[in-house]
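> Everything below, folded, please.
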Amino acid sequence: MAYLRQNEHNDFRNMTVGFYIIQRGRFSHVNDQLADLLGFENPDQLIGTSVLNRVHPDDRNLFKSGKSKDTKRDNARPFALRMLKKDDGHVWVIMKGADTVHEDKPATVGCLIDISSFREIEDALSKYRSIIDEVEDAVAETDLSGNITFSNATGCRIWGGSMVNKNFRCYMDEKTARFVHQAYHHVFKTREPGKNIIYEIIRKDGQRRTVEDSVSLIQNRDGEITGFRTVSRDITERKEKEKALAEHRALLEAIFRSVKDAIITVDSELKVIQANTSAETICSLNSRKAVGKLFPQCFDQCRNACFEILKKTLAKKNTIKEYLVECGSEKNPHQIVSVSSSPLLDPSENFMGAVLVIRDITLLQDLERELRERHQYQNIIGKSKKMQDIYSLSEDLSNLDTTVLVTGESGTGKELIARALHYTGHRSFKPFITVNCSALAEGLLESELFGHVKGAFTGAINNREGRFQAADGGTILLDEIGDISPFIQLKLLRVLQEKEFERVGETTPHKVDVRIIACTNKDLYGKVKRGEFREDLYYRLKVVEIHIPPLRERQEDIPLLVDHFCNSFQKRFKKNVEGVSTDVLARFMDYAWPGNVRELEHVIERAFILCRGNSITFDHLPKEIRNCKVPPGAIIEATHQKNPRNDQDIFAALNKTFWNKTKAAKLLGVSRQTLYRKIREYNIGE
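From the prediction side, this is the model:
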């Protein structure tokens with residue numbers, strides 16, 4: 001019997017699972033495997049200890065209920081729980097026991113099987129399923145026949161219910177099913193993942209959704225293909241937005257094509273992005289061939305004024321509005337356009353180029369010119385015959401590089417003529433440099449005009465660029481040219497003859513491309529006769545002479561000038577001064593104006609400062625104008641001739657009557673029809 005007991009004990013010890021015998025709630029026998037499972041070095045350490053105390057506190061009720069169920073169900077039901085280890089931690093086990101009798105006493109015999117690794121796998125699977133269910137995309141698996149074997153929660157939401165054990169064909173019409181089948185068959189055939197497979201599904205509730213699939217193959221351990229794994233994204237809202245955007249873009253394209261203004265967009269490198277059909281009409285541009293080309297390369301015959309405007313927008317990233325440009329072509333040699341340029345921004349407000357809007361205003365400008373051209377040229381105001389002749393000559397000279405000599409008394413506007421010649425010509429986007437020749441001594445003027453090198457004279461600590469070099473490509477205005485010394489005259493003659501100069505302190509010549517305009521209020525020819533001015537330089541400068549008459553010789557321009565200056569000072573001083581009184585205008589017409597237009601401007605500026613009412617009166621004029629003596633009957637004498645002989649007679653009568661044509665005709669002794677005819681004949685404007 002002892003031998004049998006010893007064999008039974010050995011068998012118990014050698015079992016591969018943890019075995020136990022429990023009597024009266026305590027371990028009476030355990031094998032080495034169970035002791036090792038719970039972290040004990042010797043099974044004897046567990047003998048006599050409470051079984052319940054080795055159960056995890058959270059699982060003790062389960063242990064108790066499991067025991068009772070076991071008893072009721074013939075001890076056949078195993079259950080999982082956590083057992084506490086000796087030191088710390090716990091281990092997941094399957095416990096199964098059966099009631100019996102051991103050594104004539106009631107006992108429970110059972111085993112504990114370690115399932116910790118299985119629980120870890122189960123936890124990982126649970127975490128994986130949780131992650132899969134939380135992603136925005138639907139994840140599904142099908143077999144090779146298209147039967148769905150797995151789907152995450154997102155898939156169920158998109159497809160409108162559980163998908164497992166259903167075939168994908170039940171979610172689409174027959175045409176779509178064929179398309180999807182072909183796409184999946186291509187993946188199967190090529191063994192390469194499929195992407196961007198877009199199709200429409202029909203949910204159980206009849207709602208249609210658009211999805212985009214990415215498909216890959218499922219293989220078993222032997223490399224055999226068993227099905228497909230699909231990641232689907234619901235792009236219904238995206239497709240609706242794309243459709244709305246496409247419709248909106250089509251609308252904008254229609255507007256873009258139909259608008260009468262030429263619209264051209266360029267990128268930051270001046271390459272054309274797009275041009276509408278009006279650009280073909282206005283700019284003679286082939287809108288299709290222009291795309292991708294550099295902007296200047298798109299035009300065969302063009303002054304490139306628009307190109308300069310675009311460069312300014314790209315450089316400074318600001319808007320240029322309604323810049324008037326004359327850009328004639330073979331079809332329309334006198335075309336005038338209004339050009340606006342604005343930065344082109346992406347949705348994030350990042351700079352990406354510029355938009356050029358070109359409006360053909362040739363007809364409008366022609367109409368305006370008919371109303372305006374007798375009154376103004378650039379910033380020069382005047383409607384008199386002498387001024388009209390100057391305007392015409394200036395227009396003829398604007399696009400030429402001819403040297404021009406502008407003469408006239410101080411204050412007549414010689415610099416305005418020079419600026420008009422520059423800014424209406426082909427050099428208008430190049431520098432305009434002004435030098436007052438009478439303001440500097442000979443040595444300083446030489447350095448100012450031609451520059452100097454370091455060490456050329458005391459104080460020349462650096463190389464310095466001269467005005468001629470600064471004006472290269474543009475225009476230089478030599479004001480008060482009659483005051484320069486013979487030495488400077490000689491150096492200037494070389495620039496005119498050779499188109500080159502030398503800086504002070506060096507002998508290397510520098511080529512220069514510059515247009516020269518000279519101004520003077522002196523009698524240059526008289527200075528030549530007296531030997532004070534080089535004759536050869538005089539004739540080099542006087543290729544074309546523009547003589548501006550003094551204001552006393554063009555009295556008919558005084559009302560226009562008064563209106564112009566009044567409007568200017570209204571804006572500048574923000575005063576509600578409507579103009580000058582009739583007696584002030586009459587005095588202006590009688591005054592000799594030794595300071596010419598500049599004096600008139602300063603008189604009106606002074607009057608605006610002093611004026612507190614709505615009109616400028618005698619009280620606001622300087623003493624020399626208030627007290628000037630007018631020859632008695634001067635105007636009456638001129639206006640009482642029955643048959644007016646010239647425009648001065650008519651102009652005097654109009655001034656006498658403050659431009660009341662009925663009274664002027666009566667004063668002249670002619671009919672109103674005759675007066676109107678004479679006004680047209682002599683080109684007298686209001």
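> Ramachandran angles for Arg191?
Dihedral angles phi and psi of Arg191 (degrees, to the nearest 10) take the values phi 60, psi 20.
> Please name the nearest non-neighbouring residue to it.
Leu217 (6.8 Å; Cβ to Cβ, 6 or more residues apart in numbering). Where C-beta positions appear, they are placed from N, C-alpha and C, glycine not excepted.
> could you measure the one you found against Ser232, distance?
16 Å (Cβ to Cβ, to the nearest Å).
> now swap in Arg612 and tell me
82 Å.
> Looking at those two, which one has more neighbours?
Ser232 (23 against 7; other Cβ atoms under 10 Å).
> Where does that one sit, in terms of helix or strand?
strand 225-234 (DSSP states H and E).
> who touches that strand?
By Cβ atoms under 8 Å, 6 or more residues apart in numbering, the residues outside strand 225-234 that reach it are 136-144, 149, 155, 158, 184, 187-188, 209-220.
> Quick check: which helices or strands does whichever helix or strand comes after it pack against?
Using DSSP H and E, the next helix or strand after strand 225-234 towards the C-terminus is helix 236-258. Judged by 3 or more Cβ pairs under 8 Å, 6 or more residues apart in numbering; DSSP states H and E, helix 236-258 is in contact with strand 208-219.
> Please save the CA atoms from the strand it packs on in CSV.
Only the C-alpha atoms of strand 208-219 are listed here, as CSV (Å, rounded to 0.1, in the frame of the first residue of the first chain):
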residue,chain,number,x,y,z
ARG,A,208,-26.1,57.0,-52.2
ARG,A,209,-22.6,57.6,-51.0
THR,A,210,-19.3,58.0,-52.9
VAL,A,211,-16.3,56.1,-51.6
GLU,A,212,-12.6,55.9,-52.6
ASP,A,213,-10.9,52.5,-52.1
SER,A,214,-7.3,51.4,-51.6
VAL,A,215,-7.0,47.6,-52.1
SER,A,216,-4.3,45.1,-51.2
LEU,A,217,-4.1,41.3,-51.2
ILE,A,218,-4.4,38.9,-48.2
GLN,A,219,-2.0,36.0,-48.2
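> and Asp649, how far is that from Lys678?
Distance from Asp649 to Lys678, by Cβ to Cβ: 9 Å.
> List the buried residues of the strand holding Ser232.
Within strand 225-234, the residues that qualify as buried are Gly227, Phe228, Thr230, Val231, Ser232, Arg233, Asp234, counting by 16 or more other Cβ atoms under 10 Å.
> Tell me which strands that strand pairs with, and in which orientation.
strand 138-143 (antiparallel), strand 208-219 (antiparallel) (DSSP bridges).
> So which of those strands is the most surrounded?
strand 138-143 (a mean of 20; mean count of other Cβ atoms under 10 Å).
> Quick check: what element follows that one along the chain?
strand 148-151.
> Quick one: list the elements packing against that following strand.
strand 138-143.
> what's next to the strand it packs on, contact-wise?
132, 148-152, 154-155, 157-159, 163, 168, 211, 218, 226-234.
> Same check on stretch 494-514?
Against stretch 494-514 from outside (Cβ under 8 Å, 6+ apart): 403, 446-447, 449-457, 460, 463, 466, 468-469, 471-476, 491, 516, 537, 540-541.
> swap the cut-off to 6 Å and go again
Stretch 494-514 has contacts (Cβ atoms under 6 Å, 6 or more residues apart in numbering) with 446-447, 450-453, 456, 468, 471-473, 476, 540.
> which parts of that stretch are buried?
Val495, Phe501, Glu502, Arg503, Val504, Gly505, His510, Val512, Val514.
> And the helices in the stretch 1-150 of the chain?
2-13, 32-37, 60-72, 116-134 (DSSP state H, counting those that start in this stretch).
> Between those, which has the poorest mean confidence score?
In terms of mean pLDDT, the lowest-scoring of the helices of the stretch 1-150 of the chain is helix 2-13 (a mean of 45).
> Quick check: bridge partners of Phe432?
The partner residues for Phe432, given DSSP bridges, come to Thr475.
> If you tally nearby residues, what's the number for it?
18.
> cool, and Tyr323?
So Tyr323, with other Cβ under 10 Å, has 15 neighbours.
> Output the lowest mean pLDDT helix or strand found in the protein.
The weakest-scoring helix or strand in the chain, judged by mean pLDDT, DSSP states H and E, is helix 634-639 (a mean of 38).
> for the stretch 51-200 of the chain, what are the low-confidence residue spans?
Applying pLDDT under 70 to the stretch 51-200 of the chain flags the ranges 66-76, 120-135.
> Thanks again, I'm all set now.
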